[in-house]
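Trainee: What shape does this take:
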Amino acid sequence: MKTYYAGGTVGDAYIILCKLYSVAMKEPILCKHYTAHKSVKSVIKEIYGLVPSIKVEFVDKSFSGVALSGAFENLIAEKVTYGTEPEYYPEFKLESVKQFDLPETYVVLQTVSGIRRDRKMFVGTIQSVLTNAKLPVVLIGEVDERVNWSNDVRRQTSIKQDINIIRNSKHFYGLQGFLSYVAVSQKVPSTVFIETRSDEGAIQARTEAVEQWRKYLTKR
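Mentor: Sure thing, here's the model as predicted:
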């Protein structure tokens, strides 16, 4: 079984999954993943589980050599070391979302992201999306006590259901991070609101770094 070394948090794991996807479609592989945040290990494992042939093993320290990163800045070195070629539009076997009785057509809104839920959309931005959206809005992701809404699936979904809901939406409104990567990778037009300088840097190294994702992105 081929072994790959990687590291990072939730959003990083999804990008690494895109890098491993093509290889894992052909054969079982092992990904040794380092993260300093124990609280997200179960979510990272669920993300890798989107491709059943990927086995993830968490390690206690980062790899000293070339490791797969959660960005697109080091693709040449990664290809030389691992032979990886990212799949920017991965397909997954997803779970049904019928139980949520979603509108036939809708847009999705994510108002909080980050490991500590510390990346929050401005209240004025939230109200603007809710007021001006031409289709019903479905709230997705982590709970945000500032927002109450009728179409609300926050903290009720699995990763596979989140992806299913986003994939079938007409537009994604949200923040830099995992769900925004899911949206562009599922070819969903996405408006991502920049809250900090670090957000800007993260987007430049990820969503904006490759044309395949950049063409679905609008930054605000």
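Trainee: wait, what's in contact with residue 162?
Mentor: Residue 162 is in contact with 140, 141, 179, 182, counting by Cβ atoms under 8 Å, 6 or more residues apart in numbering. C-beta here means a position set from N, CA and C on the backbone, and glycine is covered the same way.
Trainee: Save those as TSV, and put in neighbour count, distance to residue 112 and pLDDT too.
Mentor: Converted to TSV, those look like this (neighbours: other Cβ atoms under 10 Å; distance: Cβ to Cβ, whole Å; pLDDT from 0 to 100):
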residue	neighbour count	distance to residue 112	pLDDT
140	25	10	96
141	23	6	91
179	26	10	97
182	24	16	98
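Trainee: Closest one to residue 50 out of those residues, please.
Mentor: residue 182 (10.1 Å; Cβ to Cβ).
Trainee: what packs against the helix or strand hosting residue 131?
Mentor: Using DSSP states H and E, residue 131 maps to helix 123-132. On a contact count with 3 or more Cβ pairs under 8 Å, 6 or more residues apart in numbering; DSSP states H and E, helix 123-132 meets strand 107-109.
Trainee: where are the low-confidence patches of the protein?
Mentor: Low-confidence segments of the chain (pLDDT under 70): 116-117.
Trainee: ok, the residue nearest the centre of the chain to residue 17 distance?
Mentor: Centrality entry for the chain: nearest residue to the mean C-alpha point is residue 178, 2.5 Å, by Cα atoms, centre = their mean. Distance, residue 178 to residue 17, using Cβ to Cβ, to the nearest Å: 11 Å.
Trainee: And residue 61, by the same measure?
Mentor: Following Cβ to Cβ, the distance that separates residue 61 from residue 17 is 22 Å.
Trainee: what about those two, which has more around it?
Mentor: residue 17 (28 against 8; other Cβ atoms under 10 Å).
Trainee: Tabulate the CA atom coordinates of the biggest helix by length in the chain in CSV.
Mentor: When the chain is parsed with DSSP state H, its longest helix is helix 10-24. Only the C-alpha atoms of helix 10-24 are listed here, as CSV (Å, rounded to 0.1, in the frame of the first residue of the first chain):
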residue,chain,number,x,y,z
VAL,A,10,-10.3,20.4,8.0
GLY,A,11,-10.0,22.5,4.8
ASP,A,12,-6.5,21.3,4.2
ALA,A,13,-7.7,17.7,4.4
TYR,A,14,-10.3,18.3,1.7
ILE,A,15,-7.7,19.8,-0.7
ILE,A,16,-5.3,16.9,0.1
LEU,A,17,-8.2,14.5,-0.7
CYS,A,18,-8.5,16.2,-4.1
LYS,A,19,-4.8,15.6,-4.6
LEU,A,20,-5.0,11.9,-3.6
TYR,A,21,-8.3,11.3,-5.4
SER,A,22,-7.0,10.0,-8.8
VAL,A,23,-4.5,7.7,-7.2
ALA,A,24,-7.1,6.4,-4.7
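Trainee: can you list contacts of the next helix or strand after that helix?
Mentor: As assigned by DSSP H and E, the chain's next helix or strand after helix 10-24 is strand 29-34. With contact meaning Cβ under 8 Å, 6+ apart, strand 29-34 is reached by 1-8, 13, 16, 20, 23, 44, 48, 53-63, 67-68.
Trainee: again, but for stretch 210-220
Mentor: 72, 86, 88-89, 125, 181, 183-185, 187-194, 203, 206-208.
Trainee: Correct me if wrong: residue 172 contacts residue 187.
Mentor: No. Applying Cβ atoms under 8 Å, one finds residue 172 not in contact with residue 187, separated by 10.7 Å.
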